[in-house]
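# my questions are about this predicted structure, shown below with the sequence.
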Amino acid sequence: MRKLAVAFSLLASPALATGLQVEISGEGANGTITIDLLEDLAPNHVAQITALANEGAYNGVVFHRVIDGFMAQTGDVEFGQSSGNTSRAGMGGSSKPDLKAEFSDEPFARGIVGMARSQSPNSANSQFFIMFDDGDFLNGQYTVVGRVTAGMDVVDAIKLGTGGNGSVVGTPDMMKMVTVTE
């Protein structure tokens, strides 16, 4: 099991990280989230998240889509940097290749971290989401990559979006720093 926190980093060895530390700052949430990465369920997805975190690609990326009672989505390293124009956040990925789906029997419960994708099951790249509540309708449809083990109060405080798609208006909360933990 790996952990995720607002800060990500890449390991020099072939072994994957155990998790992430994600430091969040903004108008809504301020604090740290710890995520256990589940490399046994999704080794390729966890490796890609770990690599992007180690490169610092997630630092400064906004939560662009946040739906009350559902989930908070982030990870668009191409268009989601808080220092730039985030109007296209959610439309990009990274320079790394898209990943083949790694679906599992792990249910989408509160605190589960899943990979965002387009209509194609094999299109996940860098974006991920954290569940506010159970979402059984996602089971077997999206790749589970982790589980929040600390900081759900921070997740719950992420600035909510508006409308049916949950787009965040104004200044979205961001992942200030994402680091890999062992």
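Structure's in. What do you need? Numbers count the residues shown, from 1 in each chain.
# G93: what's it in contact with?
Shown in contact with G93 (CB atoms under 8 Å, 6 or more residues apart in numbering): D76, V77, E78, N125, S126, Q127. Bear in mind the C-beta positions are built from the backbone N, C-alpha and C, glycine included.
# state the distance from it to D136.
To D136, G93 is 27 Å away according to CB to CB, to the nearest Å.
# repeat that for G170.
Between G170 and D136 the distance is 32 Å, computed by CB to CB.
# D76 too?
When CB to CB is applied, the distance between D76 and D136 equals 26 Å.
# list the residues that contact K100.
Listed by CB under 8 Å, 6+ apart, the contact set of K100 reads N44, N122.
# mind doing that once more with 7 Å?
N122 (CB atoms under 7 Å, 6 or more residues apart in numbering).
# start the count at 25 instead of 1 going forward.
Will do, 25 is the new start, and the previous item becomes K124.
# quick check: phi and psi on it?
In this entry, K124 is assigned phi and psi values of phi -70, psi 140 (degrees, to the nearest 10).
# sorry, back to before: pull out the buried members of the contacts of G117.
For the contacts of G117, a neighbour count by 16 or more other CB atoms under 10 Å gives the buried set as D100, V101, E102, N149, S150, Q151.
# and which of those is nearest to G84?
When the buried ones among the contacts of G117 are ranked by distance to G84 (CB to CB), V101 comes first, at 9.3 Å.
# show me what counts as buried in stretch 61-75.
If you call a residue buried by 16+ other CB under 10 Å, then stretch 61-75 has these buried ones: 61-63, 65-66, 68-75.
# among these, which are in helices?
Counting by DSSP state H, the part of those found in helices is N68, H69, V70, A71, Q72, I73, T74, A75.
# for G185, state which of these is nearest.
Ranked by distance to G185 (CB to CB), these are led by I73 at 22.6 Å.
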